[in-house]
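Participant: Provided below are the primary sequence and the corresponding predicted coordinates.
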Amino acid sequence: MDEALFRSPRKHGRIMVLLSGRGSNFLAIHDAVRTGAIDAEIALVFSNKADAPGLAAAQARGLETMSLDPKLFPDKPAYDNEIIREARAREIDLIILAGYMKIVTPGFCDAFPYRIVNIHPALLPAFPGLHVQQRAIDWGVRWSGCTTHFVAAEVDAGSIILQASVPVLQDDTEDSLAARILIEEHKIYPETVRLYFQGRLEVRGRRVFILE
Ligand code: GAR
């Protein structure tokens, strides 16, 4: 068996959430933090969009928030460097992409190896990228779902942590399939973060093992 490249820390973690929109995955994770299911605190909720509903929801829950307009930065690395700086200043253990609709730069990934996670609304490696629920319907797959994974420089190609599947129904629309997948997202994303801070995720080669 491959040697372990990484084992997640067992500790009370400090989380930074990056989001661009509604923020329902962020809320599901925060709910699990509040019940104590996840041993961590959300130290910062960050958005590239000042008017993201998820940011307002975070404020309403009394969390620290921040938004930065990418247009005010000369290029993508400069923007991501600012995010890296904010994360380091707060001693963040895990960065959670929750509907963050910007591609993170390789420099960002390298700054936090195995410390950035994402959720994707398809069964990776099928349907990376955007508009994946419609693409799954158009392709004719019978099953789709969602995937949590570590973030690596190649988009949607990092090591898979958890997946959940849902059937694709004949009368599905993009919205109806997305809604069925979202129900599962709200289960596997909090579970991913829970396992992370229980020190139970071990990476060997491409594979993530869940320790007892
Ligand atoms: C979720 O379905 C998530 O999987 C997807 O955006 C939605 C965000 O919803 N993410 C991606 O497509 C990433 N490429 P939310 O803001 O309610 O969590």
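Facilitator: Arrived safely.
Participant: how about residue 33, phi and psi?
Facilitator: Torsion angles at residue 33 (phi, psi; degrees, to the nearest 10) stand at phi -70, psi -40.
Participant: hmm, it is touching residue 27, no?
Facilitator: No - judged on CB atoms under 8 Å, residue 33 makes no contact with residue 27 at a distance of 10.4 Å. C-betas here are computed from N, CA, C, even on glycine.
Participant: quick check: residues of the chain near the ligand?
Facilitator: Where the chain comes near the ligand, counting by CB under 6 Å from any ligand atom, the residues are 19, 21-25, 54, 98-99, 119-121, 182, 185.
Participant: among these, name the ones in strands.
Facilitator: Counting by DSSP state E, the residues of the chain next to the ligand place 19, 119-120 in strands.
Participant: next, count neighbours for the closest residue to the ligand within the chain.
Facilitator: The nearest approach of the chain to the ligand comes at residue 99, 2.6 Å away (CB to the nearest ligand atom). Residue 99 has 21 neighbours, counted by other CB atoms under 10 Å.
Participant: residues touching the closest residue to residue 9 other than its chain neighbours, list them.
Facilitator: Closest residue to residue 9 apart from its sequence neighbours, by CB to CB, 6 or more residues apart in numbering: residue 199 at 5.8 Å. Contacts of residue 199 were listed using CB atoms under 8 Å, 6 or more residues apart in numbering, and they are 7-11, 211.
Participant: if you set the cut-off to 10 Å instead, what comes out?
Facilitator: Counting by CB atoms under 10 Å, 6 or more residues apart in numbering, residue 199 touches 7-11, 39, 211.
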